[in-house]
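A.B. asks: I'll drop the sequence and a predicted model, then ask my questions.
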Amino acid sequence: MDAGRSRSLVLRVSAICLLAWTFSSFDQSLFGYTIAGFMQDFAVDLPTVSLVMTLGFVMAAPASLVLGAVADRVGRSRTLSVSLGSSALLVGLHAVAPTFELLALLRILGFALAAGVAPIVTTYAAETAPAKYRGVIIGVLQCAYPLGWFLSALATAPLVEAYGWRAPFLTAFMV
């Protein structure tokens, strides 16, 4: 493969990985930005919400391992697409959750599926990047997590103010 084509591939793969992780982070941050609204609507307390968030992180750890193994077996592209798409679907469904219990289940499952995005995109970037730039590319890729949260913060506040806490979750269907 010639240098120009190789550089093009590295840029394309890096951009796709950055976008995938940014979208995943954007989706997952919506829950945190809407806590006040759903706490009031569902009459739940902060310790209950904290428990749901904790369970999401607890489930994310084994989910990352499982999704990594699945990616090695059936392919990273397919696993990334299914993980990202399924997670986005579950986050989008937060908008119509009729009970806090269902909202909590959607959060835990969506967060667990989103956890598989990071190792897959990092692996893609590491495999594609030339050794000379691998650290920089992976470092830039790590910016996707806070970038997703930042973009979500910009979008969520106006949506919550205009349409209520459920509206921001509909943005997950952009994925």
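C.D. replies: Structure received.
A.B. asks: drop to CA atoms for contacts and neighbour counts, all remaining ones
C.D. replies: Fine.
A.B. asks: and the pLDDT for the residue nearest the centre of the chain?
C.D. replies: Centroid-nearest residue in the chain: S24, 2.0 Å away (criterion: C-alpha atoms, centre = their mean). Looking at S24, its pLDDT is 94.
A.B. asks: cool, M1 as well?
C.D. replies: Looking at M1, its pLDDT reads 49.
A.B. asks: I'd like the distance from the longest helix belonging to the chain to the chain centre, please.
C.D. replies: Longest helix of the chain, by residue count under DSSP state H: helix 3-33. Mean-position distance between helix 3-33 and its chain equals 11 Å (C-alpha atoms, centre = their mean, to the nearest Å).
A.B. asks: can you give me the helices in the protein?
C.D. replies: 3-33, 35-42, 46-74, 76-92, 100-115, 117-128, 134-142, 144-163.
A.B. asks: any buried residues in the last one, and which?
C.D. replies: In other words, helix 144-163. 144-145, 147-150, 152-153, 156, 159-160 (16 or more other C-alpha atoms under 10 Å).
A.B. asks: buried ones in the longest helix of the chain, by neighbour count?
C.D. replies: Buried, per 16+ other C-alpha under 10 Å, within helix 3-33: 10-11, 13-14, 17-31, 33.
A.B. asks: angle of it against helix 46-74?
C.D. replies: Angle, helix 3-33 to helix 46-74, by axes from the mean of the first three to the mean of the last three C-alpha atoms, to 10 degrees: 150 degrees.
A.B. asks: and T128, how many neighbours?
C.D. replies: 19 (other C-alpha atoms under 10 Å).
A.B. asks: pull the contacting residues for it.
C.D. replies: 9-10, 13 (C-alpha atoms under 8 Å, 6 or more residues apart in numbering).
A.B. asks: out of those, flag the one nearest to F100.
C.D. replies: Nearest to F100 out of the contacts of T128 is V13 (C-alpha to C-alpha; 38.4 Å).
A.B. asks: and the closest residue to that closest one other than its chain neighbours, how close does it get to A36?
C.D. replies: Excluding the flanking residues, the one nearest V13 by C-alpha to C-alpha, 6 or more residues apart in numbering is A125, at 6.7 Å. For A125, the distance to A36 equals 37 Å [C-alpha to C-alpha, to the nearest Å].
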